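1. Sequence first, then the predicted structure:
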Amino acid sequence: MRQAVVWITGASSGLGLHTAQALAESGFTVVAGARSFGKGKAAAGCQCLPLDVTDPASMDAFVQKALALTGAPDALVNCAGMLILGACESYSLEELRQVMDTNFFGQAAMISRVLPLMRKQGRGKIVNFSSINGLLGIPFEGAYTASKHAIEGYSECLALEAKPHGIQVMLVEPGDHRSGSRAYRRHSQGMSGHSPYKAAFEEGTAIIARDEAGGSDPDALGKRIAKALKKKRLPRRLRVAKLDQHLAVVLHDLLPARWFDHVIGNYYCKHANLESRKQK
């Protein structure tokens, strides 16, 4: 029998790489795309092609080459993403655009290229990587959180529109995982030594790095996605996170905003916030 074909973006590092390899190990035919492919880098078990989801010509070339290799995909997995850490005030418009172009517009652009292929065959599955940050915000990830909130809303609309054509949509909402690539976790240029957010930023980003270093197993996440894609019906959401992050989502929805902000603020920036209050 023909193996199911999956096209996946952002597959050279992080959760995208682990997901691509888990899919290949689970028996899928995987065409993996990333900017670094074609430059000596590859994902084991996958057919790797260069892909920049911010470049229309690169996306068109990827689709044409992937079609020649495997025919139309049974599934598209959108993993490409980047993060710029900084205070909301510190982001330049260029930095905001970089994050949105990669995380949100790149997903939408790939979907617009693949949907006609899936409609023609009367079936398909689309997996969009969101995040716990698509459900709540934390300090100094404003641009990333905005992009993930956009993915959440877009995917809900897409699921309603695509369902009559036999196409299913699933949101993946990872918590912290041990897979981060520093190349895609830059600091905003506006976070200079004179920033009024400097102390809170340093405390908050240290906690973010600590939580990611002690996060969940990225291979387990990839296996969960492979298992979901083998089912006849995709779940609408696949949240893969530790218990405390599941709890944070629940508290975000249940607590008054002031109480939830107090909890999150004390977790990420307790000492800096205390010092700031003393100075006032």
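-> In hand now; what should we look at? Bear in mind that the values here come from a model prediction, so they are computed numbers and not experimental data. Residues are numbered from 1 along each chain as shown.

2. what helices or strands is the top strand by length along the chain leaning on?
-> In the chain, with assignment by DSSP state E, the single longest strand is strand 167-174. Contact partners of strand 167-174 among helices and strands, from 3 or more C-beta pairs under 8 Å, 6 or more residues apart in numbering; DSSP states H and E: helix 106-121, strand 124-129, helix 142-162, helix 218-229, strand 237-240. (Each C-beta comes from the backbone N, C-alpha and C, glycine too.)

3. Span of stretch 190-201 from start to end?
-> Counting by C-alpha to C-alpha, to the nearest Å, you get 12 Å between the two ends of stretch 190-201.

4. re the thing from before, and the longest strand of the chain, how far from the chain's centre?
-> The chain centre lies 11 Å from the centre of strand 167-174; the measure is C-alpha atoms, centre = their mean, to the nearest Å.

5. just for this structure, where's the confidence low?
-> 1-2, 40, 180-185, 271-280 (pLDDT under 70).

6. now the strands: where do they sit in it?
-> Using DSSP E, strands in the chain cover 5-8, 29-34, 47-50, 75-78, 83-85, 124-129, 167-174, 185-187, 237-240.

7. what are the pairing partners of the first one, and which direction each?
-> Partner strands for strand 5-8, per DSSP bridges, with pairing direction: strand 29-34 (parallel), strand 75-78 (parallel).

8. about what we covered before: kindly reformat the helices and strands packed on strand 167-174 as a markdown table containing mean neighbour count and distance to His18.
-> Shown next, in a markdown table, are the helices and strands packed on strand 167-174 (neighbours: other C-beta atoms under 10 Å; distance: least, C-beta to C-beta, whole Å):
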| stretch | mean neighbour count | distance to His18 |
| --- | --- | --- |
| helix 106-121 | 18 | 19 |
| strand 124-129 | 24 | 12 |
| helix 142-162 | 19 | 19 |
| helix 218-229 | 19 | 4 |
| strand 237-240 | 18 | 11 |
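
9. between those, which gets nearest to Ala200?
-> helix 142-162 (13.2 Å; C-beta to C-beta).

10. In terms of secondary structure, what does that closest one contact?
-> Helix 142-162 sits against strand 83-85, helix 93-100, helix 106-121, strand 124-129, strand 167-174, with contacts defined as 3+ C-beta pairs under 8 Å, 6+ apart.

11. now the angle from that helix to strand 124-129?
-> Orientation check (axes from the mean of the first three to the mean of the last three C-alpha atoms, to 10 degrees): helix 142-162 against strand 124-129 gives 160 degrees.

12. Touching helix 142-162 from outside, list them.
-> If you take C-beta atoms under 8 Å, 6 or more residues apart in numbering as the criterion, helix 142-162 is touched by 81, 83-84, 86-88, 91, 95-96, 99-100, 102-104, 107-108, 111, 115, 124, 126, 128-131, 133-138, 168-169, 171, 236.

13. circling back to that earlier point, who wins for proximity to Val249 among the helices and strands packed on strand 167-174?
-> So among the helices and strands packed on strand 167-174, strand 237-240 is nearest, using C-beta to C-beta, at 7.6 Å.

14. Each with direction, which strands does that closest one pair with?
-> Here, using DSSP bridges, strand 237-240 pairs with strand 167-174 (parallel).

15. Name the residues that touch the strand it pairs with?
-> 15, 115, 118-119, 123-132, 134-135, 151-152, 155, 158-159, 162, 216, 221, 225, 228, 233-241.

16. coming back round to it: any chance of the strands paired with strand 5-8 in a markdown table, plus mean neighbour count?
-> Listed next are those as a markdown table, based on neighbours: other C-beta atoms under 10 Å:
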| stretch | mean neighbour count |
| --- | --- |
| strand 29-34 | 27 |
| strand 75-78 | 27 |
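
17. Let me have those strands in a markdown table, adding distance to Gly193 as columns.
-> Below are the strands paired with strand 5-8 laid out as a markdown table (distance: least, C-beta to C-beta, whole Å):
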| stretch | distance to Gly193 |
| --- | --- |
| strand 29-34 | 34 |
| strand 75-78 | 37 |
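
18. So which of those strands is nearest Ile8?
-> Closest to Ile8 of the strands paired with strand 5-8 is strand 75-78 (C-beta to C-beta; 4.2 Å).
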